[in-house]
Each structure stands twice: as structure tokens, then as C-alpha cells.
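1. Fold the following for me, if possible:
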Amino acid sequence: MSENSGLSGDDSSGDDSSRHGSDPDNESDESDADRERAGSDEVDGSASHQGFVSTAGHLLVSVPGMLDDNFDRTVVFMVEHDTNGALGLVLNRPSTMTVAENLPVVIQEVVTPQVFFVGGPVAVGGLLVLGRRSLDAEMEHATPLSGPIAVVDPEALINNRVRGVEALRVFTGYSGWGPGQLDGEIEMGAWYVCESMVDDVLCVDPDRLWRSVMKRQGGKLAGQSFFPENLNVN
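-> Residues are numbered from 1 along each chain as shown. Sure, this is the predicted structure:
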């Protein structure tokens with residue numbers, strides 16, 4: 001897995017030509033075996049290319065023993081995924097940098113832990129913000145994603161122009177894949193694709209998120225949640 005730049009996590013456009021990933025493979029088999037490997041048989045997606053299935057709005061959960069340190073035992077919320085590539089945010093890599101010290105103007109709406117989360121190895125230093133939509137409130141400067149989750153315009157947030165969104169999480173950096181790269185990684189078994197929940201995206205205990213998501217899948221994935229962090233340890 002490489003560490004490539006190229007796509008913004010907010011409403012701004014970016015260069016889609018280089019994102020995180022490995023060799024492309026856009027073909028998706030609908031067999032029961034592949035559904036088990038993906039971790040979910042209900043991944044919705046567009047079919048602009050035959051066999052393409054989008055993971056947008058879902059979680060990518062790394063398999064135990066992933067050799068890429070950037071993604072070992074990570075849970076990634078997929079913001080975008082189409083035939084041009086994919087963008088996601090790692091949900092369980094909190095930094096030691098507090099929001100209060102760096103962006104005090106937004107701290108009131110930031111959920112615990114109130115630190116910046118490292119969303120991935122690309123464009124670290126840039127800001128991306130996810131939040132929960134407020135009930136019966138019209139959103140401004142935010143774009144709905146999966147369920148009640150929305151992506152927020154960071155500049156508008158800093159200038160107090162965002163409306164209709166609460167319970168924020170602030171990320172620096174993102175995870176990106178080029179055309180077909182994520183599809184190839186899933187096909188090779190590097191990721192499980194699972195349904196997302198609001199409590200995953202805005203989790204209060206990120207250190208336990210990987211095990212928690214794996215356990216609730218049941219079956220083989222629940223068993224793998226008990227694997228030691230170092231698989232060389234007996």
C-alpha cells in the first residue's frame with residue numbers, strides 16, 4: 001500500500017490521479033465466498049462499471065496482521081468511493097494534539113476525545129470534519145453522507161457559518177485510493193467491509209473500536225477480534 005495524495009475530504013475538488021492503494025482490480029464477484037470475505041452482503045453501490053460496488057458510507061476494517069503500519073488494526077469510514085477512486089477517514093487513530101489548543105472556536109461541538117484524529121497518511125495537516133446532522137434542522141455548509149453523518153466545510157466551521165450539524169470530529173489527513181485500487185485490496189482480502197454506525201464515526205473509545213466492530217459481525221470476524229496485536233506472540 002502506497003501513501004499517495006490527491007483528494008480532498010470536504011466539498012473542494014482535488015487531483016484524483018493519485019490516492020492510497022495497491023494494484024487495480026475493478027471486478028467484483030457476487031459469490032457467497034466473496035461476500036464472507038467482504039464482511040457484508042449488503043454493500044450498496046453504483047454500477048457505472050459492470051461489477052463495481054461502492055463502499056461509500058461503510059466501514060473498512062483491516063484484517064489482523066496487515067503489514068502496512070498506517071492501517072494495521074484500523075477502522076476506516078468511507079466518505080467517497082466510485083470508479084475514479086476512493087477516500088476514507090481512519091476512525092481510531094487519535095493524535096495527542098488537542099482541538100482546544102488549536103481550534104478553540106469549534107471545541108464546544110467536538111465530541112470526546114477532543115483531539116485531532118489522523119484520518120490517513122495523505123495531506124496530514126489539512127482539516128476534514130465529520131458531524132452528526134441535527135434533527136429537523138436544515139444544513140448549511142455541510143454535505144450529507146451515510147445516515148445522520150455529514151461532512152462539514154472546515155473553513156465555514158471556523159467562521160461559524162455551519163448550521164444543522166452537531167457532535168463534530170476533526171481529522172487531519174485522509175486515506176486515498178486511485179481508480180480500482182481499493183477494489184483490488186478488498187478482492188485480495190486486505191479489508192472487511194462492514195455496516196457503519198454513528199457511534200463508530202464518533203466513537204468515544206477509539207482504542208477499542210477495531211475489536212468492537214469485529215465482534216459485532218459475528219462468526220469468523222468475531223473470532224479474529226481476539227487475535228493478539230502481535231501475531232508472533234503465542
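2. Can you show me the helices along the chain?
-> If DSSP state H is used as the criterion, the helices of the chain fall at 32-38, 99-102, 154-158, 181-187, 198-201, 209-217, 219-224.
3. May I see these organised as TSV, with mean pLDDT, distance to Ala137 and mean neighbour count added?
-> All C-beta spots, glycine's among them, are computed from the backbone N, C-alpha and C. As requested, these are exported to TSV (pLDDT from 0 to 100; distance: least, CB to CB, whole Å; neighbours: other CB atoms under 10 Å):
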stretch	mean pLDDT	distance to Ala137	mean neighbour count
helix 32-38	40	35	14
helix 99-102	96	23	14
helix 154-158	96	15	18
helix 181-187	97	33	23
helix 198-201	96	16	18
helix 209-217	96	28	19
helix 219-224	94	36	14
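4. Would you check how far apart Ser54 and Gly164 are?
-> Noted for Ser54: a distance of 25 Å to Gly164, by CB to CB, to the nearest Å.
5. Tell me who's in contact with the nearest residue to Val129 once chain neighbours are set aside.
-> Closest residue in space to Val129, ignoring its immediate chain neighbours: Val152 at 4.1 Å, by CB to CB, 6 or more residues apart in numbering. Neighbour list for Val152: Asp10, Val129, Leu130, Gly131, His141, Ala142, Val162, Val165, Leu168 [criterion: CB atoms under 8 Å, 6 or more residues apart in numbering].
6. Let me know the pLDDT of the fourth one.
-> Yep, that's Gly131 we're talking about. pLDDT recorded at Gly131 is 97.
7. His58 contacts Ser196, correct?
-> Yes. Applying CB atoms under 8 Å as the test, His58 and Ser196 come out as touching, 5.6 Å apart.
8. So for the two, which residues contact both of them?
-> In terms of CB under 8 Å, 6+ apart, His58 and Ser196 are both contacted by the residues Ser146.
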